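Q: pasting the sequence and the predicted model now:
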Amino acid sequence: MSEQPAAAALAAEQDELRAIRAHLDAWRERLGSALGPLEEVPGRAGGQRLGFLLRFAWTDLFERPQHGENWLKNLRLRLRALLRPLLTIATLFLLIALLAFFTGIRNGTQQELAAGLVDPSINGVRVEYFGRGMLPASLVDTVGNLGLERAADGRRVLRFGGGEPVFGYAPLSRPGTLQPGAWGHHPLGMKFLRHGAADDDPEGKVIGFGLSTRVAGPLLADEQPLAGARLASDDSDGIYVARGLLRRLGYPGDALPPGGRLTVLYGREDLPIEVPVVGVSATLERDFVVTEGFHYRWQRDEFNPQRAVGRFGFTGFAAAAEATDFRDYVAGQWETGEDGKFRLGAVEPSSAGFGFDVALRRGQLDEGFVREGLLAFLLDDWSGPAPQLVFPPREYTPYHPGQVKYIFMTVYPRPLLLDRALMDEVKELLKSEHELQMDFSSLNKLLMIGEINQALDWIGRILGFALAGFTLLIIMLTFQEAIARKSKKLGVQKAIGLSNRSVLGLYVLQALYTWACAALLFAAVAALVVAVDVPGRITALFEQFAVERFFQLGAGDLAAILAATLLLSIFSTLLAVWRLALLSPAELLVDRE
Amino acid sequence: MSGSADASPPRPPLFTLSGVCKHFPNEARPVLDVGELELPRGRLVTVLGRSGSGKTTFLKLLGLLDPPYPLRRDTRLAFHSLRDGTDYDYAELYPGRARFDPLFRRDAARARLRRTHFGFLFQEEHLLNQLSVRDNIALPMLLRGVPAAERERRVELMLEALQLDVVTQRGAKSVFELSKGERQRVALLRALLHDPEVLFADEPTGNLDPLNAEWIFRMFAFWIGLHPERTVIVVTHSTHLALSHSQSIVVFGKGWNYLTLDNVPSRAREAERQGWLNVLMNADDPAAVGDAHARLQALHAGLAAAEGGP
């Protein structure tokens, strides 16, 4: 450079500098005002930060391209910003498709199999099924709603929702202290009534099962199950009670209650039974113990149809009883020979079932007895209001055409394998003891449905887990990639004063926004799918299978999917941001590209 | 730092450092090892040194952008705030050996300090793309809780004063519409308008032409002139800008730690001073370093005497 231009450049630079200085001097006052000290504004920052975070999270989702006129790069950046919402939506649809597919397949299979029950060769033959497979309630509903109605060809069908035979003695508070098989006990407590001051004053405090009454079975001869309780097991006339029970009832607890008796409210209708108290124990681990003699007498002499209580839930039973003359039936009473009585109680109006009271003699306190009695009762239902005794079944009325099939499905946590064993057992029982030949072909089909359902459930679960894992991975990678790209930005945010908590909140907000966008889009598409009846059209493609609807999704399923994707989004975000949040601003500001 | 000519009543130093050491993983030598150092307030302090000498690390430690690990028993790094009268001990602002801060309590304390007491200006502007120019500038004020009206007033005034016509006249809203120099000025406004006690600037003029660089340094000086309690600590490679504008210089060496010297912000005898400064930065020989340091101090003493004379 020659000297002249260099000097000119220097002069120009000097001029510029002078201009800068002059400018700053000229603006000194206003600059001083703009850069003046700030008053502390306590309590405002938090609210403002929240507003900022809400807005910032939204704008950050769709960040602006930063490559000027390079439209290709800009397009790529915009698409990348949209990737997360798109992936979330894709996940939603994948999960829904999977659920719909398996629900449809399962229901379709059931329909196909249940349709076989209408086979004329077996129609008109009673099908009794009181199996206890591992069938969830929804499956019972499905079979009931889809299979049985079709199988029954429009005739009345009773669907068994669950069984709960109840006997008067509740289980011990400490399982195992009673000898197995000594007593059939069931979870319904006994209620003790405290007498009033006078005999004509029956008001008193009631202690029921809910008040932690620990009731017990009979104290049998030769049995000494209670540590420290000196009980005379040959005493035949009453119960021994624990001091604690008396105290809870309001008695002193160190002596027999007034009159040496307690009243037990028994059965579904709280029938009061006077029970003599023959002793009080301070060390009794249970609330009371029945002496063996009294127990026998109670069973033998004090026969009362309300002594034990059963509660069987028949789906739609109440409605059926209302719609027909069924109520008359349940109000009837059937003698079962010398072996006992069986009487159905009133239909519970608000439930999908009915309760019954049953009185049984000693030796019949097993579920099989109740089951057979109930089965006999129900089988008799269709044959008219003046049935022959249905129990024992030697006197059973022959089938007549059009007789309904009863298919009972109980909900017990037992594997299906046991159902088959149970079926065989019942079959053998009915044959050997009652000479009753039963056709179990329909039952076999139902069992098959159950087994297929179970297999489909497993496949669905495995595929569901695999899909969920896959989508989790994809979403996590996407979120991580998206957030890693923003590490510098995160560093700036932290440098200018955002805390880790705010940063985490910021990105969780973004996840919520993403999810909300996806859910809205999903709702729009779902509405479209419903409007043009896509499920119906798809089902039509499989017309040869005679399946009414392959795609079935309930509101609960949709809610579960939305909740799962929401959690997935938040979890993935937190996982991705957490790692970066732990880095210092300086580490985040390092150029990683 | 020795030899301060400040006549005001004694004030606590801005930063006190003792036994501060910074190790990076897989490196045998610490990148920074500060024995005893006090940084005064109310000055433009430039930090000079060769690449890798630890000057940026020094800035990041002070600005709470990077943790001063390992924290030793004799480590002392404290910021003395005149604004709230508090001494912030960095050992308390960072989790200890376990580095465990599950609820981010210490992180929140550091963030609050950065938000209210510090301002940052980097070589890259690091503007947030999704925010408008105005929102970028106003963001630290928003985080500090400054009312909206006051934020807008300050932003408008500064945009006009700094001749950011691209925003005020052309109506540019996006940061993409700004030139490099304009973006850095916006970043400077972002760093200043929330009224920090200390402004940290890490090579803020590295990507700028000389005129814009001059702008930035003059703004630093102007700001300190407005508020004698405020301090700017700036890392730069430019000995020219350091000598022209700063009152104090910290020089980090390669193979030795650091030296401090008072400066007379002037262009007088600049070439000579620059020469000795270059010797100081690049010399490994302690004798040469000592000689250059002594000569620079003598030069500055002479300049100070000349400026203070009749």
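A: Structure's in. What do you need? Nothing here was measured: the structure is a model prediction, and the numbers come from that model. Numbers count the residues shown, from 1 in each chain, chains lettered A, B, ... in the order given.
Q: the residue of the stretch 351-500 of chain A found nearest chain B: how many residues sit nearby?
A: Among the residues of the stretch 351-500 of chain A, A:Gly497 lies closest to chain B, at 2.7 Å counting by Cβ to the nearest Cβ. From N, CA and C alone the C-beta is placed, and that goes for glycine too. The number of residues packed near A:Gly497 is 26, by other Cβ atoms under 10 Å in any protein chain shown.
Q: contacts only, for it.
A: B:111-112, B:114-116, B:140, B:143-144 (Cβ atoms under 8 Å, 6 or more residues apart in numbering or on different chains).
Q: show me what B:Ile249 is bridged to.
A: Here B:Ile249 sits in beta bridges with B:Thr46, B:Leu261, going by DSSP bridges.
Q: and what of A:Ala242?
A: In beta-bridge terms (that is, DSSP bridges), A:Ala242 pairs with A:Ser281.
Q: that one contacts A:Phe288, doesn't it?
A: Yes - here A:Ala242 reaches A:Phe288: they are 6.7 Å apart, a contact under Cβ atoms under 8 Å.
Q: next, the contact list for whichever residue of the stretch 51-200 of chain B sits closest to chain A, please.
A: Scanning the stretch 51-200 of chain B for the residue nearest chain A gives B:Arg115, at 2.7 Å (criterion: Cβ to the nearest Cβ). Neighbouring residues of B:Arg115 by Cβ under 8 Å, 6+ apart: A:496-498, B:140, B:143-144, B:194.
Q: and if you look at B:Asp66?
A: By Cβ under 8 Å, 6+ apart, the residues touching B:Asp66 are A:584-587, B:22, B:57, B:60.
Q: thinking again about what came up before, just the element for the residue of the stretch 351-500 of chain A closest to chain B, please.
A: Assigned by DSSP states H and E, A:Gly497 belongs to no helix or strand.
Q: what of B:Phe222?
A: Using DSSP H and E, B:Phe222 falls in helix B:210-226.
Q: can that helix be said to contact chain A?
A: Yes - counting by Cβ under 8 Å from any Cβ of the partner chain, chain A has neighbours in helix B:210-226: B:210-211, B:214-215, B:218-219, B:222-223, B:226.
Q: give me the buried entries from these.
A: The neighbour count (16 or more other Cβ atoms under 10 Å in any protein chain shown) marks B:214-215, B:218-219, B:222-223, B:226 as buried among these.
Q: for the closest residue to B:Leu193 other than its chain neighbours, grab the count of nearby residues.
A: Among residues not flanking B:Leu193 along the chain, B:Arg154 sits closest, at 5.1 Å (Cβ to Cβ, 6 or more residues apart in numbering or on different chains). When neighbours are counted by other Cβ under 10 Å, B:Arg154 registers 24.
Q: B:Arg154 falls within a helix, correct?
A: Yes - the assignment for B:Arg154 (DSSP: H, G, I helix; E, B strand; the rest coil) places it in a helix.
Q: from B:Leu188, how far out is it?
A: Going from B:Arg154 to B:Leu188 by Cβ to Cβ, to the nearest Å gives 13 Å.
Q: go on, B:Asn282?
A: 30 Å.
Q: more neighbours: which of these two?
A: B:Leu188 (24 against 14).
Q: low pLDDT regions in chain B?
A: Scanning chain B for pLDDT under 70 picks out B:1-9, B:97-99, B:164-172, B:308-310.
Q: any idea of the pLDDT on A:Leu378?
A: Listed pLDDT for A:Leu378 reads 45.
Q: scan chain B for its longest helix.
A: helix B:286-308 (DSSP state H).
Q: with only the CA atoms kept, save it in CSV.
A: Output of helix B:286-308 as CSV, limited to C-alpha atoms (Å, rounded to 0.1, in the frame of the first residue of the first chain):
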residue,chain,number,x,y,z
PRO,B,286,10.8,-16.2,33.0
ALA,B,287,13.5,-13.6,32.5
ALA,B,288,12.0,-12.3,29.3
VAL,B,289,8.6,-12.3,30.8
GLY,B,290,9.8,-10.3,33.8
ASP,B,291,11.6,-7.9,31.6
ALA,B,292,8.6,-7.3,29.3
HIS,B,293,6.4,-6.8,32.3
ALA,B,294,8.7,-4.3,34.0
ARG,B,295,9.0,-2.3,30.8
LEU,B,296,5.3,-2.2,30.2
GLN,B,297,4.7,-1.1,33.8
ALA,B,298,7.3,1.6,33.4
LEU,B,299,5.7,2.7,30.1
HIS,B,300,2.3,2.9,31.7
ALA,B,301,3.6,4.7,34.7
GLY,B,302,5.1,7.3,32.4
LEU,B,303,1.9,7.6,30.4
ALA,B,304,-0.1,8.0,33.6
ALA,B,305,2.2,10.7,34.9
ALA,B,306,1.9,12.5,31.5
GLU,B,307,-1.9,12.3,31.5
GLY,B,308,-2.1,13.3,35.1
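Q: lovely, talk soon.
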